[in-house]
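J.: 3D, please:
(chains A and B)
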Amino acid sequence: MKMSHLENTGMTEFTIPLDDKFKRQENERAVLTMKQYAGNNKALIWIPGRNDSFFHVHVLQRILDAGFDVFALDLRRCGRAKIDVDGNPTVDELLAHDSHNFKEYFSELDATIKFLKSSSPLPPTNNLREGGCGKTYDTIVCYAHSTGALVAGQYASEVGGGGWRGAIDGYIFNSPFWRWNLAWYEKRAVQNAYKAGLPDDFLVDEGGEPSDYSLNMKRTYNFPQLLKDDRALSISVGWCKAVTIAQEMLKSGNMVLGKVRSDEERGTTAGTKDG
Amino acid sequence: MLSASADEVLDASDIDKMSDYLISDRQDGKGNEVGGDDMLVERVIESTVTELSGHDVLAADSAVKVNEAMEVIETWLGSRYN
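T.: Residues are numbered from 1 along each chain as shown, chains lettered A, B, ... in the order given. A predicted model of the protein is given here:
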């Protein structure tokens, strides 16, 4: 399914089938949209933030012109992945991005980088795992916004996972969510919410109220409702936990983005656990 | 590392301070292969009253500010990977 957001962009959409312990529903998937130029030998992976669950097509041309093919990832239950291949919802609108463990996204990140390192022809169907991107990129840069930076940073720092994280050569972080912007007592309450024994799916904020931030962006860019809800999203204990774990990884000096990985993890010889 | 003084969600000074942890020594003793002065490049997309940026500098109210952010990205990509 191609949404109007991508019309006239020339971007192609592929489904990343998921088969791991983190899946919440059988029809869950991730989505990769891409555009390549024949002369480009570098790639940029785009990871959106929690509330900006879409690729910004208004910067597509400039990234391509900079020599980087574009691969925009919609993580499971986010953006285009809020619907399955048949157009059925995979998640309640307000629970998009409600991850309780950012490791759940590693499968689609691994699949994306493996795809970028495979010169096999493009998949004959919309299943990303059935082909390669047709090139083997010399350089892969990861762009991530806000919460996406926590996902990318944690992905980069999980040593020994057998994934493809070492193949990323550099990172662009746009307003990374390194720290809660709250008063100290609010911050402590959020960070300790999961330590109080509340279940991950307990909502500390049900959301649903109009979001000035979202409404303002939609006025300017007319993003589709599916990609950007007008309302504030729900906030669960599990999400607070996932954010806190990643932020503490940074603060403890254990979020490392450099090339400290083995050749296998750099994608020269590796496979992934999920293929 | 891009941030904006007009960020309506996060604090740009927090981003600046916390980003330094990316180049600190790891507690497990392992270090980065990538080093040097250009390992961490930070840029604030400055705003004026009439030309605001925001939490997402690539989707700011102002096309001028989006252009400023894209120029930073293009310059960094060009200098580092070309």
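
J.: When you work out contacts or count neighbours from here on, use the C-alpha atoms and nothing else.
T.: Noted.

J.: Residues contacting stretch B:73-82, please?
T.: A:63, A:66, A:139, A:172 (C-alpha atoms under 8 Å, 6 or more residues apart in numbering or on different chains).

J.: For it, list the C-alpha coordinates in PDB.
T.: The C-alpha trace of stretch B:73-82 is given here as PDB (Å, rounded to 0.1, in the frame of the first residue of the first chain):
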ATOM      1  CA  ILE B  73      23.900  18.000   7.300                       C
ATOM      2  CA  GLU B  74      25.100  18.300   3.700                       C
ATOM      3  CA  THR B  75      28.300  20.000   4.800                       C
ATOM      4  CA  TRP B  76      29.000  17.200   7.300                       C
ATOM      5  CA  LEU B  77      28.300  14.400   4.900                       C
ATOM      6  CA  GLY B  78      30.400  16.000   2.200                       C
ATOM      7  CA  SER B  79      33.400  16.700   4.400                       C
ATOM      8  CA  ARG B  80      33.400  13.300   6.100                       C
ATOM      9  CA  TYR B  81      32.400  10.900   3.300                       C
ATOM     10  CA  ASN B  82      33.400  12.400   0.000                       C
END
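
J.: For it, could you pull out the residues that count as buried?
T.: Within stretch B:73-82, the residues that count as buried by 16 or more other C-alpha atoms under 10 Å in any protein chain shown are B:73, B:74, B:77.

J.: Mind telling me what element the last one is part of?
T.: Following DSSP states H and E, one finds residue B:77 within helix B:63-81.

J.: Show me how far that helix is from its chain's centre.
T.: 11 Å (C-alpha atoms, centre = their mean, to the nearest Å).

J.: just stretch A:204-222 next, same as before
T.: Relative to the centre of its chain, stretch A:204-222 is centred 20 Å away, using C-alpha atoms, centre = their mean.

J.: same deal with stretch A:201-209?
T.: That offset, for stretch A:201-209, works out to 22 Å (C-alpha atoms, centre = their mean).

J.: what's stretch A:77-84 in contact with?
T.: Applying C-alpha under 8 Å, 6+ apart, the external contacts of stretch A:77-84 come out as A:27-31, A:53-54, A:74-76, A:89-91, A:93, A:96-97, A:226-228.

J.: Restricting to C-alpha, output that stretch in PDB.
T.: Taking C-alpha atoms only, stretch A:77-84 is exported to PDB below (Å, rounded to 0.1, in the frame of the first residue of the first chain):
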ATOM      1  CA  ARG A  77       3.600  -0.500  14.900                       C
ATOM      2  CA  CYS A  78       4.900   3.000  13.900                       C
ATOM      3  CA  GLY A  79       4.100   5.100  10.800                       C
ATOM      4  CA  ARG A  80       3.300   2.900   7.800                       C
ATOM      5  CA  ALA A  81       3.700  -0.200  10.000                       C
ATOM      6  CA  LYS A  82       0.600   0.900  12.000                       C
ATOM      7  CA  ILE A  83      -1.300  -1.100   9.300                       C
ATOM      8  CA  ASP A  84      -0.500  -4.500   7.900                       C
END
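
J.: tell me the mean pLDDT over that stretch?
T.: Stretch A:77-84 carries an average pLDDT of 91.

J.: Name the residues of that stretch that are buried.
T.: Neighbour counts over stretch A:77-84 (16+ other C-alpha under 10 Å) mark A:77, A:78, A:79, A:80, A:81, A:82, A:83, A:84 as buried.
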